[in-house]
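S.K.: Got a predicted structure plus its sequence, pasted below:
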Amino acid sequence: MNGVDTEALAKLRGEVRAFLAEQLAAGTFEPGVDSWLAGFSREFTRELGRRGWIGMVWPTEYGGHGRTARERFTVMEELLAAGAPVSAYWGGDRQVGPSLLRHGSEEQKRRFLPAMAAGETLFCLGLSEPDSGSDLASVRTTATKQPDGSWVVSGSKLWTSGAHHKDYMLTLCRSLPGATRHDGLSQLIIDLRAPGVTVRPVLLLSGEHHFNEVFLDEVPVPADMLLGTENGAWAQVSTELADERSGPERYMSTMMLIRAYAEEPVEHTRNRDETIGSLVSQLWSVRALSLQVVEHVARGETPSVLAATSKDVGTTFEQDSIDIVRRGLARPPEPGSRLDVLLRQGITHSPGFTLRGGTTQVLRSVIAKRLGL
Amino acid sequence: MNDELNGMLTEVLTDHCPPALVEASEGGWSEDLWKVLESVGLTAVGIPEEQGGSGGDFDDAVTVVRAAARYAAPVPLTQTLLVAPVLRDLFGLPHRAGPTAVAWTPLRASAQGELWQLTGTVSDVAYAPAASSVLLLGVDDAGRVVLAEVDASLDWTVRTDLAGEPRGTAAIDVVVPAAATDLDLAAVLDRARDAEALALVWGMVGALEKIEELTVGHVTAREQFGRPIAKFQAVKQVAAQIAGAVAIARAAAMEATAARGRPDAAFAVAAARARTAGAGTDAARYAHQLHGAIGYTREYPLHHYTRRIWAWRDEGRSAVEWTELAGRRALAGGADKLWETITG
């Protein structure tokens, strides 16, 4: 890539790999499929914070590390390739941090960003609602402004990953009574320990608990927890969604399964070269596309269509990869074996790959619009 | 990409490679187009000026191949600009101007003093009837590999491939100067096939870009049920998938080009070749679906591009062979080093 210090990147990559090898040897985590949704560890997250691998691109004055987007990408992909438990901070690093930097008050930035970069304070996103999925402009959770400027929030948020573990929820609310669609929306930072907050598990079809429904029953929110412009959150959220789309997690969710397949004894496989070739040529290509997005962002552009394309192709590959692995096995994996566990995780998690962060249908509509259709 | 070069290519090809010329050249080639391209130096891009070329680098040469594919140009630029120079370099042969064909079938070689006798049959040589010279590979009894570049005016039996491009088969019995190499035949073929693969990848990118353009144009203009079919969600979704296929093919091509000279270069070429073959297959199917019946008529130009993609995806080595090669090359460092290979 142009303008990339390959030597510095290789050094950083080596550091992350060495760290992960140490952690694996110490048994601090069990590598899994979809670890950016399913792998939660406060300790591991703090360890990453200590090493400067959270908030890497944030300014140093807010606890960040002033690194490049390419460096951040490198750390992210290494963590994903190892199936490391990164879900605790992933959304905070990807969306909440950048949003705070863009729209937050000086006080908010000083209060939250250093703690997030240290891996101490964990955020989740409160966007979807029971009646508001792909159509975010239909949110009904209300924020009612009080005479003293504070807010009272009522409603419910759905699919909030890890809300049961986390500290704050960046919440999209209807703050202007009577407003519809893109108007009258505000983002509030809600303390998940505040009175009136109830978290109900919404189990995945596998039985795992990652998703939640967060009920907000007249939750008091201080005035200084409004993020950005009152009634102007739509533009803020749109940028956040673009941030969300094109990272390595959009094609690496099944990387542990692919690696495990490659390490299977040859006699357990069929058409091994073709299977590996198909997996890696697709993964490698979508990585190249994702890196193009990083380059565009580094140049100060907002490549929302390229990001949407990258996510569409990447997440479709994630789903395909499971079937490619299945076809490449001579027989079903040994029950309870590592491959068996990873395959089962892959299969049960796969429906979510093309839903989260903008469904395939929404992404393709975005792309078609760019084509002029 | 070199924008100035690309602009020049677009101008020249728009003027001199219209759909009618492509159609008229079916099964043959266009010498007129070649002469126009030659007159502005486009048939020797990427070959150093001191060797008699037009200068420019590898990126410039693939820019030419990609643009030519966008116009389905019936001329042997892939072979001339990207395959022949690699073979000549491997054997230390000088550059030779003019349309060049590459015969992949190894001939029987035997030394005759300073010269070499080459005998056998070369089959299915792309653009053989169009070429002014053809590169011949020979192997002697000791396994030594030689390369000769001879005048292509041979007695070719010509057939037309899926893309409508001409291929020739000819019996060879010549005594000619040839250059030898220390590499064995497999190594020579691997290098040359890798070069061809990267050229084909860029050709597919060009053809894919044209397919996207034709499809967007068609669904916007074509009205059914009282409105342009582009207004239907089902149509938009498929059009977006074509855009995805084009984007992924382009990204793979760029990445494989950037990997040249690096340790992961051979893997990258195989991966890009396998991936663009898949993207081409998908996009061709979607484009025909959205075009409806007109798209699979002779009179509408889509077939010039889809037929090329169908042919090129299995040209030289098939898409499946390239997929297997990508797998073998990815695993070459050990199964536990798979990820390290992907990151280059």
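M.R.: That came through fine.

S.K.: what are the ranges of the strands in the stretch 51-200 of chain B?
M.R.: B:100-102, B:107-112, B:115-126, B:133-139, B:145-151, B:157-160, B:166-176, B:179-181 (DSSP state E, counting those that start in this stretch).

S.K.: Could you export the ones you listed as a markdown table, including mean pLDDT?
M.R.: Shown next, in a markdown table, are the strands of the stretch 51-200 of chain B (pLDDT from 0 to 100):
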| stretch | mean pLDDT |
| --- | --- |
| strand B:100-102 | 98 |
| strand B:107-112 | 98 |
| strand B:115-126 | 98 |
| strand B:133-139 | 98 |
| strand B:145-151 | 98 |
| strand B:157-160 | 97 |
| strand B:166-176 | 98 |
| strand B:179-181 | 97 |
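
S.K.: Check the gap between the residue in the stretch 201-350 of chain A positioned nearest to chain B and A:V237 for me.
M.R.: In the stretch 201-350 of chain A, the residue that lies nearest chain B is A:G277 (3.1 Å; Cβ to the nearest Cβ). To be clear about C-beta, it is placed using only N, CA and C from the backbone, and glycine gets the same treatment. The spacing between A:G277 and A:V237, counted by Cβ to Cβ, to the nearest Å, is 40 Å.

S.K.: A:E120 too?
M.R.: In terms of Cβ to Cβ, A:E120 sits 25 Å off from A:V237.

S.K.: Those two: who's more crowded?
M.R.: Neighbour totals were compared for A:E120 and A:V237, and A:V237 leads with 22 against 15 (other Cβ atoms under 10 Å in any protein chain shown).

S.K.: Was I right to think that one contacts A:L136?
M.R.: Yes - counting by Cβ atoms under 8 Å, A:L136 is a contact partner of A:V237 at 6.7 Å.

S.K.: Residue 56: neighbour count?
M.R.: Just so you know, I chose chain A. 23.

S.K.: Not quite, go with chain B.
M.R.: B:G56, neighbours per other Cβ under 10 Å, totals 21.

S.K.: Grab the nearest non-local neighbour of it.
M.R.: B:V45 (4.7 Å; Cβ to Cβ, 6 or more residues apart in numbering or on different chains).

S.K.: what do you get for B:P177?
M.R.: B:L115 (5.9 Å).

S.K.: Please identify the buried residues of stretch A:149-159?
M.R.: In terms of neighbour count (16 or more other Cβ atoms under 10 Å in any protein chain shown), stretch A:149-159 has its buried residues at A:150-159.

S.K.: surely the residue of the stretch 201-350 of chain A closest to chain B meets B:E321?
M.R.: No - counting by Cβ under 8 Å, A:G277 does not reach B:E321; the two are 9.5 Å apart.

S.K.: what about those two, which has more around it?
M.R.: Remark: of A:G277 and B:E321, A:G277 carries more neighbours, 29 against 18, as counted by other Cβ under 10 Å.

S.K.: Assign a three-state SS to the more buried one, would you?
M.R.: Here A:G277 is helix, with the state taken from DSSP: H, G, I helix; E, B strand; the rest coil.

S.K.: tell me, what residue is most central in the chain?
M.R.: Assuming you mean chain A. Residue closest to the average C-alpha location in chain A (Cα atoms, centre = their mean): A:G91, at 4.5 Å.

S.K.: wait, I meant chain B there
M.R.: Chain B, centroid-nearest residue using Cα atoms, centre = their mean: B:L200 at 3.3 Å.

S.K.: OK, contacts around that one?
M.R.: By Cβ atoms under 8 Å, 6 or more residues apart in numbering or on different chains, the contact list for B:L200 reads B:78, B:273, B:276, B:312, B:315-316.

S.K.: Mind checking which of those residues land in helices?
M.R.: B:273, B:276, B:312 (DSSP state H).

S.K.: hang on, isn't the second one packed against B:G206?
M.R.: In this case it means B:T276. No - when contacts are counted by Cβ under 8 Å, B:T276 is not listed as touching B:G206 (10.9 Å).

S.K.: Compare neighbour counts for these two and give me the winner.
M.R.: B:T276 (34 against 26).

S.K.: burial measure for the residue in the stretch 51-200 of chain A that chain B sits nearest to, as a count.
M.R.: Nearest residue of the stretch 51-200 of chain A to chain B (Cβ to the nearest Cβ) works out as A:A81 at 4.8 Å. Summarising burial for A:A81: neighbours were counted as other Cβ under 10 Å, giving 23.

S.K.: Give me the phi and psi angles of it.
M.R.: phi -60, psi -20 (degrees, to the nearest 10).

S.K.: Contact partners for it?
M.R.: Going by Cβ under 8 Å, 6+ apart, A:A81 touches A:252, A:255, A:259, B:339.

S.K.: The same query, at a cut-off of 7 Å, please.
M.R.: A:252, A:255, B:339 (Cβ atoms under 7 Å, 6 or more residues apart in numbering or on different chains).

S.K.: Show me which residues of the stretch 251-373 of chain A are close to chain B?
M.R.: Within the stretch 251-373 of chain A, the positions near chain B by Cβ under 7 Å from any Cβ of the partner chain are A:259, A:262-263, A:272-278, A:280-289, A:292, A:306, A:309, A:312-313, A:361, A:364-365, A:367-368, A:371-373.

S.K.: Need the buried ones from those residues selected in PyMOL.
M.R.: Selecting only the buried entries of these in PyMOL, with 16+ other Cβ under 10 Å as the criterion:
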select buried, chain A and resi 259+262+272+273+274+275+276+277+278+280+281+282+283+284+285+286+287+288+289+292+306+309+312+313+364+365+367+368+371+373
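
S.K.: Restricted to helices, list the residues of the stretch 251-373 of chain A next to chain B.
M.R.: A:259, A:262, A:272-278, A:280-289, A:292, A:306, A:309, A:312-313, A:361, A:364-365, A:367-368.

S.K.: ok, residue 26 - how many residues close by?
M.R.: No chain was given, so I picked chain A. 8.

S.K.: hmm, I had chain B in mind actually
M.R.: Residues near B:E26, counting by other Cβ under 10 Å: 16.

S.K.: Then the one 4 residues further on?
M.R.: Other residues within reach of B:S30 by the criterion other Cβ under 10 Å amount to 19.

S.K.: what residues are up against it?
M.R.: Contact analysis of B:S30 by Cβ under 7 Å, 6+ apart lists B:21, B:74-75.

S.K.: Pull out the buried residues from those residues.
M.R.: For these, a burial check counting by 16+ other Cβ under 10 Å picks out B:21, B:74-75.

S.K.: Which of the residues you listed fall in helices?
M.R.: Those of the buried ones among the contacts of B:S30 lying in helices (DSSP H): B:L21.

S.K.: What segments of the stretch 1-150 of chain A are helices?
M.R.: For the stretch 1-150 of chain A, helices defined by DSSP state H, counting those that start in this stretch occupy the ranges A:6-26, A:35-38, A:42-50, A:69-81, A:87-91, A:97-103, A:106-117.

S.K.: can you check the stretch 151-300 of chain A too?
M.R.: Using DSSP H, counting those that start in this stretch, helices in the stretch 151-300 of chain A cover A:233-245, A:255-262, A:272-298.

S.K.: now those in a markdown table, with mean pLDDT and distance to B:Q241?
M.R.: Shown next, in a markdown table, are those (pLDDT from 0 to 100; distance: least, Cβ to Cβ, whole Å):
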| stretch | mean pLDDT | distance to B:Q241 |
| --- | --- | --- |
| helix A:233-245 | 81 | 17 |
| helix A:255-262 | 97 | 23 |
| helix A:272-298 | 95 | 14 |
